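S.K.: What would the 3D arrangement of this be:
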Amino acid sequence: AHLEIRTPQMISVIVSNFNGLRFLPRLLESLRAQRGVESEIIIVDRLSTDGSGEYLASQPDVRVLSERPETGLVSGYATGATVARGELLFFCNEDMWFDPDCLQRLAGAIDLPARIGAVDGWQWTYDGSEWIHGATRFRKVLWQFNSPHPQRTADFFTPLPTGAETPFACAGAFLIHREVYRELGGWDPSFFLDHEDVDLFLRAWQRGWRCVVIPEARIYHAVSAANVHIL
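M.R.: Model prediction:
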């Protein structure tokens, strides 16, 4: 029987920001321009020193929280999730902007009866000139030091079609149903940066939850811009 996919009533967009002032206007502009969804915007500012706090205070439709910068990216996410009201949670970096139909396309792929609890979009460079993230597959290597499995490396450039399963979503930007997030226990804040998404989705896999990729959900990312700051 065909399963009807229901668009949720609200998406909580949760942004972890650290000195990302130069990206915030375009991020907010693209979030406000999303079509076909109702959303709230929560930005967790990790004590930025670039004027982010003052700028965010002037945005009446943005809920602003604070978190210490040295706790890491997903500690910001976890703090935002505690106040989120949406049925879906969209976690993202501050150095991004989104196609107007991005959130609607991601939300439409959530299907709890089919155990699809999370959705990953495709990422492009900030100017849209280069594709930088698709579906993920693992391949054998002699040795990979920055990998949970030292003889496997992740290939993030697998051009799989809409709805194809991917082992884990990119922590930089993805959508997850809030009940799935709760069942998994949320983010593990002991991860500062890198592999926090692998950890979350290992727990999803252990519980039978799937993540799929939606190429049409286009995300534009200033890659590693959030990683170059000295704390």
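S.K.: ok, and for stretch 124-141, which residues are buried?
M.R.: 124, 126, 132, 133, 134, 135, 136, 138 (16 or more other C-beta atoms under 10 Å). In this view, the C-beta of every residue, glycine as well, is placed from N, C-alpha and C.
S.K.: ok, the residue nearest to residue 33 when sequence neighbours are not counted - contacts?
M.R.: Excluding its sequence neighbours, the residue lying closest to residue 33 (C-beta to C-beta, 6 or more residues apart in numbering) is residue 100, at 5.1 Å. Each residue near residue 100 by C-beta atoms under 8 Å, 6 or more residues apart in numbering is listed here: 30, 33, 34, 35.
S.K.: List buried residues within those.
M.R.: 30, 34.
S.K.: Among the contacts of residue 100, which one lies nearest to residue 183?
M.R.: residue 34 (26.4 Å; C-beta to C-beta).
S.K.: How much space separates residue 216 from residue 158?
M.R.: Separation of residue 216 from residue 158 (C-beta to C-beta, to the nearest Å): 16 Å.
S.K.: quick revisit: Serialize the contacts of residue 100 to TSV and add fields for secondary structure.
M.R.: Converted to TSV, those look like this (DSSP: H, G, I helix; E, B strand; the rest coil):
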residue	secondary structure
30	helix
33	coil
34	coil
35	coil
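S.K.: and the nearest residue to residue 45 once chain neighbours are set aside, what pLDDT?
M.R.: Sequence neighbours aside, residue 17 is the residue nearest to residue 45 in space, at 5.0 Å (criterion: C-beta to C-beta, 6+ apart). Among the per-residue scores, residue 17 shows a pLDDT of 95.
S.K.: could you list every residue that touches residue 17?
M.R.: Here residue 17 is in contact with 24, 43, 44, 45, 46, 48, 52, 56, 76, 94 (C-beta under 8 Å, 6+ apart).
S.K.: Strands - which of those land there?
M.R.: Taking DSSP state E, the ones among the contacts of residue 17 that sit in strands are 43, 44, 45.
S.K.: per-residue confidence at the first one?
M.R.: The reference is to residue 43. 98.
S.K.: That one is in contact with residue 64, isn't it?
M.R.: Yes: between residue 43 and residue 64 there is a contact at 5.5 Å, judged by C-beta atoms under 8 Å.
S.K.: what residue is smack in the middle of the protein?
M.R.: Geometric centre of the chain, nearest residue: residue 173, 2.2 Å, by C-alpha atoms, centre = their mean.
S.K.: OK, contacts around that residue?
M.R.: Residue 173 touches 90, 91, 92, 93, 96, 98, 121, 123, 219, 221, counting by C-beta under 8 Å, 6+ apart.
S.K.: what number of residues lie near the fourth one?
M.R.: What that stands for is residue 93. 27 (other C-beta atoms under 10 Å).
S.K.: cool, and the fifth one?
M.R.: Counted with other C-beta under 10 Å, the neighbours of residue 96 add up to 25.
S.K.: Ignoring the adjacent residues along the chain, who's closest to it?
M.R.: residue 221 (5.1 Å).
S.K.: Thanks a lot, catch you later.
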